[in-house]
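>>> Okay, here's the prediction I keep looking at, along with the sequence it came from:
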Amino acid sequence: MDITRSKYPFAEVGSVASLIQYGTSQKANTSSDGTPVIRMNNLVDGQLDLRNLKHIRLNANETDKLTLLDGDILFNRTNSKELVGKCAVFHEQDRYVFASYLIRVRLDISRANPDFISFVLNSPIGRQQIDALSRQIIGQANVNSEELRSLQIPLPPLPVQQAMMKRVEAG
């Protein structure tokens, strides 16, 4: 696929992001002690699956830095070749943080719709780029934050992005 042949201009993910951040590497627990932590297995088919959560105890400053906000995209930076790069958008009301195998992407929402960008990254256009960038290390593929920033996405006007996502959500 040649993204440059799109009828819309294209941009790098980094050009529409206001924050790109790795999660915590603190050990999580199964005793529900602390804040729920989203891990790579919670990203399923472009959605968050919040069953099977672990929890983590962090100090207030770390919790504040890692608390997810509505519209944050979670990108799986390390996994098998087929699963590295999968992503989902956080739309929950409760407080959650995220683990180190994920990268949070917070967008400039005046330019990019998080659901649209996640949809593109999970699409063949995104997969092709992720597969080309990911490196195999001891059985795991990896994409770092700089490589994530460099991914090319079509960037139609925001109302077009929103209309496209309404059609996708409608089925």
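Yep, that arrived.
>>> where does Val5 land on pLDDT?
In this structure residue 5 is Arg, not Val. pLDDT, Arg5: 68.
>>> I should have written Gln128 there, sorry.
93.
>>> three-state assignment of it?
Per DSSP: H, G, I helix; E, B strand; the rest coil, the secondary structure class of Gln128 is helix.
>>> gap between it and Asn52?
As judged by Cβ to Cβ, to the nearest Å, Gln128 and Asn52 stand 30 Å apart. No exception for glycine: its C-beta is placed from N, CA and C like everyone else's.
>>> So if I had to pick from those two, which one is more boxed in?
Remark: of Gln128 and Asn52, Gln128 carries more neighbours, 14 against 9, as counted by other Cβ atoms under 10 Å.
>>> tell me which helix or strand of this protein sits lowest on mean pLDDT?
None of the helices or strands of the chain scores lower by mean pLDDT, DSSP states H and E than strand 135-137, at a mean of 81.
>>> Quick check: next helix or strand after that strand?
strand 140-142 (DSSP states H and E).
>>> who does that next one pair up with?
Paired strands of strand 140-142, with direction, are strand 78-79 (antiparallel), strand 135-137 (antiparallel) (DSSP bridges).
>>> got the contact list for it?
77-81, 84, 134-135 (Cβ atoms under 8 Å, 6 or more residues apart in numbering).
>>> so which one among the residues you listed has the lowest pLDDT?
When the contacts of strand 140-142 are compared by pLDDT, Arg135 scores lowest at 84.
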